[in-house]
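Student: structural data only, the sequence is not supplied:
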């Protein structure tokens, strides 16, 4: 569904106006866009919470949710804000070794360090090829720190935030499966309904609660570990 289809009247804005019995004068586009973005924040939270093996991403992006920055010799910590997208969760970390080979890095097990009473500042202090990482606030720390430079040498597989709408958007799609576009419209409508004490506010709130159960169920079972695809043996009789 387009954000605002003024030609055919089939966009999210038009659906929100129908739900609210409002128009552009009583419910300005800037307010609608702000609340659609808030609705998407809620949707993404639910989707990430329930994700199976196939993580959710905004289809309005034209790149995969994989981000890379340069490895710098002697540098142990890297600011996550230096990656180009707003990162909500890190799913996998890879690095290049000095020969340009990709390696999967393990998450640092702090419990083992605590048991052996090793300070983080004393752990793997000799620069070499990283094989572990740790997350501290907005930084990712590599253990050991690299003793070489590598262009795009540190790669994160991520959950990233939505591509937000602005009020002037028209044909940009709602970045959710089509079966849940009504949920976004209802969520964006509810503050208006409450503010103006519209009679349908309780019905919409109840529908939203049912929508959220369906969203959790959908993403909880999408490409999960129990998914089995059976093929027929061509030689069987």
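Tutor: Good, I have the coordinates. Not measured: the values here are computed from a predicted model.
Student: for the rest of this, base every contact and every neighbour count on C-alpha atoms.
Tutor: Will do.
Student: same question for the helix or strand containing residue 134, mean pLDDT?
Tutor: Per DSSP states H and E, residue 134 falls inside strand 132-136. For strand 132-136, mean pLDDT is 95.
Student: how is the protein partitioned into domains?
Tutor: Segmentation of the chain into domains, based on automatic domain parsing, reads 12-58+169-221, 66-160.
Student: what's the end-to-end length of the longest one?
Tutor: Right, domain 12-58+169-221. End-to-end distance for domain 12-58+169-221: 27 Å, by Cα to Cα, to the nearest Å.
Student: among the domains of the chain, which comes closest to residue 5?
Tutor: Nearest to residue 5, of all the domains of the chain, is domain 12-58+169-221, at 6.1 Å by Cα to Cα.
Student: if we can go back for a sec, could you tell me the angle between whatever helix or strand comes next after the strand holding residue 134 and strand 132-136?
Tutor: Using DSSP H and E, the helix or strand that directly follows strand 132-136 along the chain is strand 139-143. Using axes from the mean of the first three to the mean of the last three Cα atoms, to 10 degrees, the inter-axis angle of strand 139-143 relative to strand 132-136 is 150 degrees.
Student: distance between strand 139-143 and the chain's centre?
Tutor: Distance, stretch centre to chain centre, for strand 139-143: 22 Å (Cα atoms, centre = their mean, to the nearest Å).
Student: next one: stretch 86-103
Tutor: Distance, stretch centre to chain centre, for stretch 86-103: 18 Å (Cα atoms, centre = their mean).
Student: coming back round to it: now render the domains of the chain as JSON lines, adding distance to residue 3 and mean neighbour count.
Tutor: Below are these laid out as JSON lines (distance: least, Cα to Cα, whole Å; neighbours: other Cα atoms under 10 Å):
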{"stretch": "domain 12-58+169-221", "distance to residue 3": "5", "mean neighbour count": "17"}
{"stretch": "domain 66-160", "distance to residue 3": "21", "mean neighbour count": "16"}
